[in-house]
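Asker: coordinates only, sequence not included:
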C-alpha cells in the first residue's frame with residue numbers, strides 16, 4: 001500500500017459507468033417505465049368486438065345446414081335425421097274411443113287366438129319375448145307394456161301384473177341362438193294344457209264364464225281392452241268390474257282345502 005492511498009475507499013456508480021451514461025440513466029428509466037405501463041394497459045384492454053355477418057337463411061333445397069353459434073349446438077338439429085323425433089308418445093296410435101262400435105268376427109277371433117298362441121308353449125305359459133331384451137328391467141318393459149302400445153301392426157299388450165319386477169325370470173327371448181345347447185335336443189315328456197275353448201253360459205244370452213285361470217291375469221284389459229288384438233277386444237270396455245258378470249272358472253281357480261280342520 002502506498003502512502004497516498006486511503007484504506008477505506010469504495011467504488012461508486014461514477015467509477016463503474018462513464019459520466020455521460022450516468023447522466024442519461026433517469027431518461028432510460030423513464031422510457032422503460034413508460035413502455036411497461038403502455039404494455040400493461042394494452043394487455044388489459046378489452047379487444048374490440050368483431051362484427052361477424054350472420055349466415056344467410058337456407059332453404060330445404062340447400063345441401064348444407066346453416067351454421068350456428070357454439071351455444072346453440074346442444075339444441076341444434078344438424079344431423080342427417082334432424083327432423084326425426086324419437087319419442088314413444090309419438091309412436092302411440094290413436095286409441096279407439098271407449099264408446100266406438102266394435103267389429104268382431106269369428107275369423108278375427110281365431111286369428112287373434114292363433115297369434116296369441118304363437119309364442120306360447122301351451123295355454124297359460126308365459127309368452128316369449130319376440131325382440132332382444134338384453135336383460136331389461138321392469139321399468140324398461142313397462143315403457144311399452146305399461147298401458148299397451150301399438151307400432152304399425154305390432155301390438156305390445158298391456159302387462160296384467162306390473163308388480164312383478166323380474167320380467168325375464170318367466171319371459172325368455174324368443175331367439176335362442178345365443179344359448180350353447182340350442183342344437184342339442186332336450187328330451188322330455190311334458191304336455192301342456194291347451195285352451196279349453198269359450199267359457200260356458202248358464203243360459204242363452206248369459207255372460208260367459210272366464211275360460212282360463214285368473215292368477216296373474218287380474219287385469220282383463222291386457223287381452224280384452226282397447227289396445228289389443230281386434231278379435232279379442234271387448235264390446236263394452238266402459239264396464240270395468242268384469243267379474244261382476246263373468247264368473248271365474250270354478251275348476252281352474254279352485255283351491256283345495258286339504259289342510260282345513262273339520
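Answerer: All right, it came through fine. Computed from a predicted structure; not experimentally measured.
Asker: Hmm, residue 162 and residue 216 touching each other?
Answerer: No - when contacts are counted by C-beta atoms under 8 Å, residue 216 is not listed as touching residue 162 (10.9 Å). Where you see a C-beta, it was placed from the backbone N, CA and C, and this is true even at glycine.
Asker: between those two, what contacts are shared?
Answerer: Counting by C-beta atoms under 8 Å, 6 or more residues apart in numbering, residue 216 and residue 162 have no shared contacts at all.
Asker: ranges for the strands of the stretch 101-250 of the chain?
Answerer: Secondary structure of the stretch 101-250 of the chain (DSSP state E, counting those that start in this stretch): strands at 149-151, 154-156.
Asker: Output those as CSV; include the columns mean pLDDT.
Answerer: Below are the strands of the stretch 101-250 of the chain laid out as CSV (pLDDT from 0 to 100):
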stretch, mean pLDDT
strand 149-151, 82
strand 154-156, 85
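Asker: Show me the one of these that comes nearest residue 45.
Answerer: Minimum separation from residue 45 across the strands of the stretch 101-250 of the chain (C-beta to C-beta) falls at strand 149-151, 61.2 Å.
Asker: list the buried ones in that closest one?
Answerer: Under the neighbour-count criterion of 16 or more other C-beta atoms under 10 Å, strand 149-151 has 149, 150 buried.
Asker: partners of it, with directions?
Answerer: Sheet pairing for strand 149-151, assigned by DSSP bridges, gives strand 154-156 (antiparallel).
Asker: neighbours around residue 100, how many?
Answerer: 10 (other C-beta atoms under 10 Å).
Asker: Let me fix that, I meant to ask about residue 199.
Answerer: With other C-beta under 10 Å as criterion, residue 199 counts 15.
Asker: for the protein, which helix is longest?
Answerer: helix 25-44 (DSSP state H).
Asker: Please state the offset of that helix from the chain centre?
Answerer: Helix 25-44 sits 63 Å away from the centroid of its parent chain (C-alpha atoms, centre = their mean, to the nearest Å).
Asker: so residue 192 makes contact with residue 117?
Answerer: No - when contacts are counted by C-beta under 8 Å, residue 192 is not listed as touching residue 117 (10.6 Å).
Asker: ok, those two, which is more surrounded?
Answerer: Neighbour count, other C-beta under 10 Å: between residue 192 and residue 117, residue 117 has more, with 15 against 10.
Asker: ok, now which ones touch that one?
Answerer: Contact analysis of residue 117 by C-beta under 8 Å, 6+ apart lists 123, 195.
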